[in-house]
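# Give me a model of this one.
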Amino acid sequence: MTITVDQAASVAVSPATRPFTRTRHILALARRSLIKTMRTPEQLIDVTLQPIIFVLVYVYLLGGAVAGNTHDYLQFLLPAIMVQTVLFGGMATGVNLNTDIKKGVFDRFRSLPIARSAPLIGSVLGDLIRYVVAMVSLFIAGYILGFRIGTNLPATVAACLLTMGFTFCVSWIIVLFGVLMREPGGVQGTAFLVLFPLTFGTTMITPASTLPGWLQTWVNVNPVNHMMEAARGLMVGGPVAEHLPWVGFWSIGLLAVFAPLAVRAYRRRT
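Numbers count the residues shown, from 1 in each chain. The predicted model follows:
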C-alpha cells in the first residue's frame, strides 16, 4: 500500500492532538515567549512607566474636580487603571506574533509535529508575565501615593486574577490582528483603535452619572466597564455581583469567537 505525502504528514502530526502532548507543547512555547520577554526587559516599559504616568496625570489634574481630593480619587481611579493597563499590555502579544511570522519563526513551528494552535496559545500564555509586572508596578506606585485596599487581600487577588483572565480572552482579538496584518505597526494601530473606546468609554475617569445619556448607554453595555467596576468592588468595596456575570459572559463569548478565528487565520497564512 502506498502512503501519500499528506497521509504521512497527518500520521506524523497526530500525536500532537493528544491532550497531554498538546499541553506540553503549549507550555514549552509559553516558556519561549517568557524567556524572550525577560531577555529584553525594555519591552516592559509600557506596562511599568505608562500606568504610573496615567495615575499621576489623572490624580493631580482631575482629582480635586471629580472627587474633591486626590486621595478619594486615587481610590476610585487605580482599580480601573489596572484593568486598562493590562488590556493595553496585551497589544504586545499581537505585535510580537506578527514579528515572528514575518521573520519565518512560525514556519519552523509549522514543520514540527505540534498542534497548529500551540504557538498562538503559548504566545498568549507567555505574555501573562506582562500583566503581572504591570499590576505589581502599579500597586507599588499607588501605595506610595496613598492608595489602600478597602476590602481584603483575597478579594484583591481575585480582582487581579479576574483581570488577567478577562484580558486573556480579549487578547485573542489582538492575536487575530497579529496574524492577519502585514506589518507590526498595523497591528498596534488597529489594536489601539479597538481598545481606546473600550477603555475610555467607561467610568474609569469619572462616575457614570456625570456622562451624557448616549455615553451612559455605551458604558452600561461595555464589557471593559463591567470589568473595571468588578475590580473596584473587589479592591475598595462596592457592587460586584451585578458585574461578574457580564464579565464572564463577555470573556467566554470573545474567547469562543476570536480564538478559533485566530487559529484558522494562522493556518491559512502559514
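# For the rest of this, base every contact and every neighbour count on C-alpha atoms.
Noted.
# ranges for the helices of the stretch 51-200 of the chain?
Along the stretch 51-200 of the chain, the segments classed as helices by DSSP state H, counting those that start in this stretch run 70-89, 91-103, 105-111, 118-126, 128-145, 153-180, 184-200.
# among the ones you listed, which is nearest Thr21?
helix 118-126 (10.3 Å; CA to CA).
# Quick one: mean pLDDT for the closest one?
Per-residue pLDDT values over helix 118-126 give a mean of 80.
# then that helix to PDB, C-alphas only?
Output of helix 118-126 as PDB, limited to C-alpha atoms (Å, rounded to 0.1, in the frame of the first residue of the first chain):
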ATOM      1  CA  ALA A 118       0.100  25.600  20.200                       C
ATOM      2  CA  PRO A 119       2.200  28.600  19.000                       C
ATOM      3  CA  LEU A 120      -0.600  31.000  19.400                       C
ATOM      4  CA  ILE A 121      -1.800  29.800  22.800                       C
ATOM      5  CA  GLY A 122       1.800  29.600  24.000                       C
ATOM      6  CA  SER A 123       2.500  33.200  23.000                       C
ATOM      7  CA  VAL A 124      -0.600  34.400  24.800                       C
ATOM      8  CA  LEU A 125       0.200  32.500  28.000                       C
ATOM      9  CA  GLY A 126       3.900  33.600  27.900                       C
END
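# Sort out which residues of stretch 226-241 are buried, please.
Going by neighbour count (16 or more other CA atoms under 10 Å), the buried part of stretch 226-241 is 226-237, 240.
# list the contacts for the residue positioned nearest the centre of the chain?
By CA atoms, centre = their mean, the chain has its centre lying nearest to Thr167, at 3.2 Å. Each residue near Thr167 by CA atoms under 8 Å, 6 or more residues apart in numbering is listed here: 86-87, 90.
# Please report how far it lies from Gly94.
Per CA to CA, to the nearest Å, Thr167 is found 13 Å from Gly94.
# cool, Pro79 as well?
25 Å.
# Show the end-to-end separation of stretch 177-193, please.
Using CA to CA, one end of stretch 177-193 lies 12 Å from the other.
# Can you report how many residues lie near Arg108?
A count of nearby residues for Arg108, using other CA atoms under 10 Å, gives 10.
# Spatially nearest residue to His226, not counting backbone neighbours?
Residue nearest to His226 in three dimensions, not counting chain neighbours: His243, with 5.2 Å by CA to CA, 6 or more residues apart in numbering.
# number of nearby residues for that neighbour?
18.
# That one: what's it in contact with?
By CA under 8 Å, 6+ apart, the contact set of His243 is 226-227, 229-230.
# roughly how far apart are it and Ala231?
9 Å.
# Would you agree Thr26 is in contact with Ala118?
Quick fix: residue 26 is Ile, not Thr. Yes - the pair Ile26 / Ala118 is scored as a contact, 4.8 Å apart, by CA atoms under 8 Å.
# Same list, the helices of the stretch 51-200 of the chain, but as TSV with distance to Gln216 please.
TSV is the format used below for the helices of the stretch 51-200 of the chain (distance: least, CA to CA, whole Å):
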stretch	distance to Gln216
helix 70-89	17
helix 91-103	27
helix 105-111	43
helix 118-126	32
helix 128-145	28
helix 153-180	22
helix 184-200	12
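# From Arg130, how far off is Val47?
7 Å.
# same check, this time on Ile101
Computed with CA to CA, the distance linking Ile101 and Arg130 is 21 Å.
# Who has more neighbours out of these two?
Taking other CA under 10 Å, Ile101 and Arg130 do not tie; Arg130 has more neighbours (25 against 19).
# so what's that one up against?
44, 47, 86, 89.
# Now do the contacts for the nearest residue to Phe177 once chain neighbours are set aside.
In this structure, Phe177 finds its nearest non-sequential neighbour in Val187, 5.7 Å apart by CA to CA, 6+ apart. Residues near Val187 by CA under 8 Å, 6+ apart: 94-95, 98, 174, 177-178, 181.
# Which one (most neighbours) among those?
The most crowded member of the contacts of Val187 is Gly178, carrying 32 neighbours; neighbours defined as other CA under 10 Å.
# if I look at it, how far off is Leu138?
Using CA to CA, Gly178 is found at 27 Å from Leu138.
# for the record, mean pLDDT for stretch 74-82?
On average, stretch 74-82 scores 93.
# Right, I'll leave it there.
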